[in-house]
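> predicted model, plus sequence, below.
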Amino acid sequence: MMTDLAIVVLAAGMGTRMNSALPKVLHKVANRTMLGHVLAAAGGLSPNLAVVVHGPSAEIVRSESLKFFPYCKFATQVDRLGTGHAVSMARDAALGFNGTVLVLYGDVPLIQTTTLTALLSKIDATHPMAVLGFEAKNPHGYGRLIMAGEAVTAIREQLDASPEEQRIALCNSGIIAIDSKLLWQLLPKLHNSNAKKEYYLTDLVGLTADAGFAVALSVCDEAEVAGVNDRVQLSTIEEGFQNRCRTKAMLAGATLVDPASVFFSADTSLGQDVVIEPNVVFGPGVSVGNGVEILAFSHIEGAVIGEGARIGPFARLRPGAEIGAEVHIGNFVEIKKSKIGKGVKANHLTYIGDAIVGAGSNIGAGTITCNYDGYEKHLTEIGEKVFVGSNTALIAPVKIGNGVNIAAGSVITVDVPEDALALSRTPQEIKAGWAKKYRTVKAARKAAKK
Ligand code: UD1
Ligand code: CA
């Protein structure tokens, strides 16, 4: 694209039907806010300017936007007087910008970069405006596109449409692209003498035609421009997005044994030949290396998993888990903020938090790093090729040297030097015949009571 690009995201909706204290656009799909999805899709176009139009007191909307566009600008729409009014709020922020303005909705999160590119490609000297439309299964409620040949001549809102116009299935997604000069020239001409007493952005189509230009149409899939008004629709969008992630993962070389039971985050990254068993959940910030196997019922969040590792079944990786290559993390093992070296095995019932575990170490069943003293977190350092016996408690801060053996059942409070054996448990006593005597006495006592 030769001309400069600005995006204007409408996000001032109150989202009443969400019944939420949170602004609607901050509700999440695949652990990314809807606004984030829209900004990520727009980010693929590398716009020169981004403006988010939000409602009053929307500090969190601003900070969320800045995560995706560090140079984002903002405009506040206090009174919600319609989509046209909302766009006009962005004028000051866009002062001095010359090029194409792309208007997006903050509550339409499934929109994809390729679809926006196709819309923008319709803009040329004779078509200074383009509308993104779709064929609606049930057009009720949408603005209908009135066509003359290839050109859109008007958009008629539901409440203003004649019975004949209401039969039109080609609808307005709300997403438009328009030359900035034309936009700022036409916006003041909008009026609100319509059924909703709102300033309709859609009336720009008629005004553009009146100005002697043609308005182009670009058509996309209905699912991609579905909006969210309540949490039922949010769940539908989530399902659609999850399906998109699953298909993408499989086509990119991951095996999903039961795709419908695997849940991704928008930012999940998978290597090649990853195998994912049923019922696996990926929270935000997960990166999985080539050839990793993730067995059933594992929950993974904020973790990096090295090549050829095997995770689960029933494993939990929490933020800051850095799992090295060929590591085995087994059932009921939880790892938090820890660096696990190459080839480490922690196969059963273990908590490792705030720790560094050297390559080739074996962490026995029931090992716990006692990292928290009720006030602060402390580090456990385990060297390479350490053998930690079952049911060991490592009281952090503590440091275990390379090649150490820790006897099962130990409570380790003191640093252990290289190649030593550490053992901390009460010496075992043997009382010959004790159990037999005990049984005889107890049985006699019980019999006497009857
Ligand atoms: C709008 C379109 C309609 C289209 C439909 C697609 C207009 C007049 N109508 O209708 O043609 O088929 O979207 O979903 O544009 N918003 C603001 N400030 C406002 C008004 C709206 O920020 O003053 C935001 C909303 O939060 C939402 C978007 O703009 O993200 C659309 O507003 P909404 O009221 O849902 O428009 P519709 O009546 O559904
Ligand atoms: Ca709507």
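Great, that's in hand. Ligands and ions are numbered 1, 2, ... in the order given.
> how about the strands in the stretch 151-300 of the chain?
Along the stretch 151-300 of the chain, the segments classed as strands by DSSP state E, counting those that start in this stretch run 151-156, 170-179, 215-219, 254-256, 262-263, 269-270, 274-276, 280-282, 287-288, 293-294, 299-300.
> pairing partners for the last one, with directions?
The one in question is strand 299-300. Counting by DSSP bridges, the strands paired with strand 299-300 are strand 280-282 (parallel), strand 315-317 (parallel).
> out of those strands, deepest packed?
Mean neighbour counts were taken over these using mean count of other C-beta atoms under 10 Å, and the top value, a mean of 26, falls to strand 315-317. Every C-beta, even on glycine, is put in place using the N, C-alpha and C of the backbone.
> residues in contact with that strand: which ones?
With C-beta atoms under 8 Å, 6 or more residues apart in numbering as the test, strand 315-317 has contacts from 286, 295, 298-303, 305, 311, 323, 329-335.
> mean confidence (pLDDT) on the host helix or strand of N347, please.
Under DSSP states H and E, the secondary-structure element containing N347 is strand 345-357. Averaging pLDDT along strand 345-357 yields 98.
> that one: which residues count as buried?
For strand 345-357, the neighbour count (16 or more other C-beta atoms under 10 Å) marks K345, A346, N347, L349, T350, Y351, I352, G353, D354, A355, I356, V357 as buried.
> show the subsequent helix or strand relative to it.
Scanning the chain past strand 345-357 towards its C-terminal end, the next helix or strand to appear is strand 362-363 (assignment: DSSP H and E).
> tell me how far that following strand lies from the chain's centre.
Offset of strand 362-363 from its chain centre (C-alpha atoms, centre = their mean, to the nearest Å): 33 Å.
> that strand pairs with which strands?
When pairing is defined by DSSP bridges, strand 362-363 lines up against strand 345-357 (parallel), strand 387-388 (parallel).
> and of these, who's closest to ligand 1?
Judged by C-beta to the nearest ligand atom, the one of those that comes nearest to ligand 1 is strand 345-357, at 41.9 Å.
> give me the contact list for that closest one.
Contact with strand 345-357 is made by 327-341, 344, 361-369, 371-372, 377-382, 386, 394, 396, as judged by C-beta under 8 Å, 6+ apart.
> what is L102 paired to in the beta sheet?
Beta-bridge partners of L102, as defined by DSSP bridges: I7, A177.
> so what's it up against?
By C-beta under 8 Å, 6+ apart, the contact list for L102 reads 5-8, 42, 45, 47, 116, 119-120, 175-177.
> show me the shaky parts of the stretch 201-350 of the chain.
Along the stretch 201-350 of the chain, the model assigns pLDDT under 70 to no residue.
> flag every residue of it that's near ligand 1.
Taking C-beta under 6 Å from any ligand atom, the part of the stretch 201-350 of the chain that reaches ligand 1 is made up of L201, T202, G227.
> quick one: the second one from S173, how far?
Pointing back at T202 there. Here the distance between T202 and S173 works out to 11 Å (C-beta to C-beta, to the nearest Å).
> of these two, who's got more company?
When T202 is set against S173 and neighbours are counted by other C-beta atoms under 10 Å, the residue ahead is S173, at 27 against 24.
> for the residue lying closest to that one once chain neighbours are set aside, grab the count of nearby residues.
Among residues not flanking S173 along the chain, V225 sits closest, at 3.8 Å (C-beta to C-beta, 6 or more residues apart in numbering). By the criterion of other C-beta under 10 Å, V225 has 22 neighbours.
> now the residue lying closest to T117 once chain neighbours are set aside: how far from T3?
Setting aside the residues directly before and after it, T117 is nearest to L45 in space (C-beta to C-beta, 6+ apart), at 6.8 Å. Taken as C-beta to C-beta, the spacing of L45 relative to T3 amounts to 12 Å.
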